[in-house]
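Colleague: Predicted structure and sequence below. I'll ask about it afterward.
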Amino acid sequence: MRATIEQLNKTIHRVAISLLLIAPFMVGQEIEEVVVSGSFIPDEKRDTSEISAILDSSEIERTGDDNIAVALTRLTGLSLVRGKYVYVRGLGERYSAATLNGSNLPSPEPLKRVVPLDLFPTQIINSD
């Protein structure tokens with residue numbers, strides 16, 4: 001909340017400075033109406049009841065990662081094992097599970113529970 005208020009204050013100061021720069025050219029003219037509009041950008045981290053780290057498609061696009069496994073290693077607490085398995089806080093595959101749109105992903109390897117996330121290109125991620 002504090003960061004939002006600080007950003008709003010910075011925006012207000014920018015508008016005020018812009019008006020001061022324009023004011024000398026508008027001598028003798030009255031401004032009838034000033035319209036200020038903004039947009040709300042939701043924060044997914046605040047809206048969830050559990051501890052979470054969120055990586056959206058814009059961040060993935062900015063970093064240029066080619067698969068989901070590599071992209072997820074940018075989140076705190078996740079590590080990449082053998083180039084394809086993502087473990088949380090060093091816990092092994094026994095405690096790992098992957099879902100896609102709320103559905104559990106099965107492992108293509110019959111003796112492993114963990115899903116190799118290098119199979120999924122980053123282009124399948126959408127932030128909608």
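Modeller: Cool, the structure landed. A quick note: this is a predicted structure, and the numbers were derived from the prediction, not measured.

Colleague: give me the low-pLDDT residue ranges for the chain?
Modeller: For the chain, the stretches with pLDDT under 70 are 1-28, 41-42, 44-48, 50-52, 126-128.

Colleague: Okay, strands next: where are they in it?
Modeller: With strands called from DSSP state E, the chain shows them at 78-81, 85-88, 99-100, 103-104.

Colleague: which stretch among those strands comes nearest I124?
Modeller: strand 99-100 (8.6 Å; Cβ to Cβ). No exception for glycine: its C-beta is placed from N, CA and C like everyone else's.

Colleague: Spell out the residue ranges of the helices in the chain.
Modeller: 2-22, 44-47, 57-63, 68-72 (DSSP state H).

Colleague: Count the residues that sit near T73.
Modeller: 13 (other Cβ atoms under 10 Å).

Colleague: and it, how far is that from S103?
Modeller: Separation of T73 from S103 (Cβ to Cβ, to the nearest Å) stands at 23 Å.

Colleague: for D118, same thing?
Modeller: Per Cβ to Cβ, D118 is found 20 Å from S103.

Colleague: So those two - more neighbours on which side?
Modeller: D118 (17 against 8).

Colleague: tell me the contacts of that one?
Modeller: N67, I68, A69, V70, G83, K84 (Cβ atoms under 8 Å, 6 or more residues apart in numbering).

Colleague: Verify the stated contact: the fourth one with L80.
Modeller: Right, V70. Yes: assessed by Cβ atoms under 8 Å, V70 is found in contact with L80 at 7.0 Å.

Colleague: higher neighbour count, the two?
Modeller: For V70 and L80, the more surrounded residue by other Cβ under 10 Å is V70, and the numbers stand at 19 against 15.

Colleague: quick one, what contacts that one?
Modeller: When contacts are counted by Cβ under 8 Å, 6+ apart, V70 touches L80, D118.

Colleague: For it, give its distance to D43.
Modeller: Separation of V70 from D43 (Cβ to Cβ): 25 Å.

Colleague: L105 and V115 touch, don't they?
Modeller: Yes: using Cβ under 8 Å, L105 is in contact with V115, at 4.7 Å.

Colleague: joint contacts of these two?
Modeller: Both L105 and V115 are in contact with A98, where contact means Cβ under 8 Å, 6+ apart.
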